[in-house]
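[1] Sequence plus predicted model, see below.
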Amino acid sequence: AAGVIQSPRHLIKEKRETATLKCYPIPRHDTVYWYQQGPGQDPQFLISFYEKMQSDKGSIPDRFSAQQFSDYHSELNMSSLELGDSALYFCASSLGRLVGETQYFGPGTRLLVL
Amino acid sequence: SQQGEEDPQALSIQEGENATMNCSYKTSINNLQWYRQNSGRGLVHLILIRSNEREKHSGRLRVTLDTSKKSSSLLITASRAADTASYFCATASYTGGFKTIFGAGTRLFVKA
């Protein structure tokens, strides 16, 4: 069965650069979530989208922005990167508007900021 | 502090033994989910238990939920070396949108 696809899988950037992470949800899933997981940390919710509209916002820095497109894929744009942004970024998708329906996670994008 | 807090933080057992991990949370929830994560990899959904359910089984997994104590437990029976991973509980609450909050996770080591 198709899973959540994230690209790139690995990314190395320098401080103050920008990065764009992409997420392709499971077909027919209309809700996308972004999480950040630092080394040895639990996943922190960043932002979610339902039907191309921002649904909820967590601890996403102002330097980051995200959107969901008409084909339901989502992109997380990160600007003015800082060393502390080095983390694993997960995207998850779910179907429907019900709160807390099972989220299916992608393999993550590992971002390293030098 | 985290919505979901888990204990123990680390657990080391022998293959064949049972492993129990606990999760506590602070606010009311719609449901609670358990995930598994192998080192540096994605999160794999294990089981979802809704706020009106008290117990759920899936294979060797048994999850309980006590909403009065705001706690849940995950029991893995007859553990295998392949069960070695981090296990997270995640609570889903309505906050005007869709948000799932993860706990700190329990690192389980199953020795062969």
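    Yes, it's here. Numbering: from 1, shown residues only, chains lettered A, B, ... in the order given.

[2] Confirm for me that residue A:74 is in contact with residue A:22.
    Yes: counting by C-beta atoms under 8 Å, a contact exists between residue A:74 and residue A:22, whose distance comes to 7.5 Å. In this view, the C-beta of every residue, glycine as well, is placed from N, C-alpha and C.

[3] Compare the two (neighbour count), which wins?
    residue A:74 (25 against 16; other C-beta atoms under 10 Å in any protein chain shown).

[4] so what's the more buried one up against?
    The neighbourhood of residue A:74, defined by C-beta atoms under 8 Å, 6 or more residues apart in numbering or on different chains, consists of A:22-23, A:25, A:32, A:34, A:49, A:66-68, A:91.

[5] what bridges to residue B:24?
    Partner residues in beta bridges with residue B:24, using DSSP bridges, are residue B:5, residue B:71.

[6] So which residues of chain A form helices?
    Using DSSP state H, no helices are found in chain A.

[7] where along it do the strands fall?
    Remark: strands assigned in chain A by DSSP state E are A:5-7, A:10-13, A:19-24, A:31-37, A:44-50, A:53-57, A:64-68, A:74-78, A:87-94, A:104-105, A:109-113.

[8] Are the second one and chain B in contact anywhere?
    Put plainly, it is strand A:10-13. No: judged by C-beta under 8 Å from any C-beta of the partner chain, strand A:10-13 stays clear of chain B, getting no closer than 10.9 Å.

[9] what's the closest non-adjacent residue to the residue most central in space within chain A?
    The centre of chain A sits closest to residue A:34, judged by C-alpha atoms, centre = their mean, with a distance of 3.2 Å. In space, and not counting its chain neighbours, residue A:34 is closest to residue A:46: 4.2 Å by C-beta to C-beta, 6 or more residues apart in numbering or on different chains.

[10] What's the local residue count around that neighbour?
    Residue A:46: 21 surrounding residues under other C-beta under 10 Å.

[11] Ok, the one 4 residues further on next?
    The tally of other residues near residue A:50 (other C-beta under 10 Å) stands at 18.
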